[in-house]
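Peer 1: please find the sequence and the predicted model below.
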Amino acid sequence: MIEPGTRAPDFSLPDQDGDEVSLASLRGSTVVLVFYPLDFSPVCTDQLNVYQEILPELEEEDVRMYGVSVDSSFSHKAFQRELGVSIPLLADFHPKAQVTKLFGVYNEERGVAQRALVMIAPDGVVRWSYVSQGPLEIPGANLIFDALEQAAAA
């Protein structure tokens, strides 16, 4: 897992609409990357619903949240529509898991991302990171708010 204090690797991935999103284009804002295993899995559905609830609060703090999985943009669009979420979903589909591997959260055995959160400061440096201890653990929204509070105090 990528460590705090490390410069986040730049990337460019298509979102659910096929539009390219690059980390470089997000500089100046705090970014939270939500790595999750697969669209339409029950735990991932619960996880994204939890984060959708806090999205307005994050946006008020100029925090931009993006989901990242190895699914395609087409799958992301259907998943987003089914859930009714507005969190942009980035497709680390081809080459498979290239970005997920750069951030050190690829589960080789299962061929998916581990459930993880990475907070990137406006200057592009990883401020905080967290990886779930197991595939059923949803990192709570409180972890994100605690990390933001610590960043503000630093």
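Peer 2: It's in.

Peer 1: switch to C-alpha atoms for all contacts and neighbour counts from now on
Peer 2: OK.

Peer 1: isn't T45 up against R81?
Peer 2: No. Counting by C-alpha atoms under 8 Å, T45 does not reach R81; the two are 11.8 Å apart.

Peer 1: what helices and strands are in contact with the longest helix along the chain?
Peer 2: Longest helix in the chain, counting residues (DSSP state H): helix 42-60. Using 3 or more C-alpha pairs under 8 Å, 6 or more residues apart in numbering; DSSP states H and E as the contact test, the elements touching helix 42-60 are strand 63-69, helix 141-153.

Peer 1: other residues contacting stretch 104-121?
Peer 2: Outside stretch 104-121, the residues that touch it by C-alpha atoms under 8 Å, 6 or more residues apart in numbering are 1-2, 8, 28-38, 69-70, 97, 100, 126-132, 134-135, 137-139.

Peer 1: one more: stretch 123-142?
Peer 2: With C-alpha under 8 Å, 6+ apart, stretch 123-142 has contacts from 1-8, 23-24, 27-28, 43, 47, 50-51, 54, 105, 114-121, 147, 151.
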